[in-house]
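Engineer: I would like to see how this sequence folds:
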Amino acid sequence: MTIYYTTVFFILVLEMISFGILVFPFPSYWRRAMLKFVSSSPLIAKAIRTLKIVFGFIFVLFIDAVNRLQRIDQDQKPEDASHPYHDYNYEASQKASKFYAQRNLYLTGFTLFLSLILERTSTLVIAMLKHEEELEYAKTEHASSKQDEKTLLNMEKSYEDEIKTLQNEVVQLQKKKGEYENLKQKIEQEAKEYHKLADERTKLDSTTI
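Structural biologist: Just a heads-up that it's a prediction; the model follows:
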């Protein structure tokens, strides 16, 4: 193979390895760490831009392979019955050229096709991981809201208990206030009776004198 088709082959192997890593069931935090590194690394971004240019050249090689294969099919000589001999060298050369053209066609075509699959798969995986992060965040928020709700319920219960205690104290104070009013009235009545008896005694003493 020429150097550019060898480069295409190495790019194809790199794509296969990348695709295998992308679809391998790694733990979620490993996959997130790798994708964050890939999405945030400036070196990876430069490599992706360079690969896009390289894929442009690979597409040109793909078109060239298709054209060569068509030319080879058109250049094949039909067998002539007037010539008893057969040119095996020419036939072997044509078959070898056709084989190399087909090989280059499959190599470049599969490399381009796998690049599209790799890009689409990476987009889907990134979207899936984002949805997983959003789901985990929603679960955390839900758990936090449930904890806050539980705290509020406990506070409400404690306030209700305090209100009941205060209401009981108010009832007790009202009872004590009634007892105090009764005692006050009793003392006033006894004071009136005492003053009345004292007045009567004073009258009796003054009469006796």
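
Engineer: Check the secondary structure at G56 for me.
Structural biologist: Of the three states, G56 takes helix under DSSP: H, G, I helix; E, B strand; the rest coil.

Engineer: same question, F26
Structural biologist: F26 - assigned by three-state DSSP - is coil.

Engineer: Please determine how far the nearest residue to it once chain neighbours are set aside is located from L129.
Structural biologist: Closest residue to F26 apart from its sequence neighbours, by C-beta to C-beta, 6 or more residues apart in numbering: M34 at 7.6 Å. C-betas here are computed from N, CA, C, even on glycine. Using C-beta to C-beta, to the nearest Å, M34 is found at 10 Å from L129.

Engineer: for S41, phi and psi?
Structural biologist: With angles defined as degrees, to the nearest 10, S41 sits at phi -80, psi 120.

Engineer: Check the offset of stretch 23-30 from the chain's centre.
Structural biologist: Between the centre of stretch 23-30 and the centre of its host chain there is 14 Å, according to C-alpha atoms, centre = their mean, to the nearest Å.

Engineer: Report the backbone C-alpha coordinates of it in PDB.
Structural biologist: Provided in PDB are the C-alpha atoms of stretch 23-30 (Å, rounded to 0.1, in the frame of the first residue of the first chain):
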ATOM      1  CA  VAL A  23     -19.500   1.500  23.500                       C
ATOM      2  CA  PHE A  24     -17.700  -0.500  26.200                       C
ATOM      3  CA  PRO A  25     -19.800  -0.600  29.400                       C
ATOM      4  CA  PHE A  26     -17.500   1.400  31.600                       C
ATOM      5  CA  PRO A  27     -18.800   2.800  34.900                       C
ATOM      6  CA  SER A  28     -20.700   6.000  34.500                       C
ATOM      7  CA  TYR A  29     -18.100   8.200  36.400                       C
ATOM      8  CA  TRP A  30     -15.200   6.800  34.300                       C
END
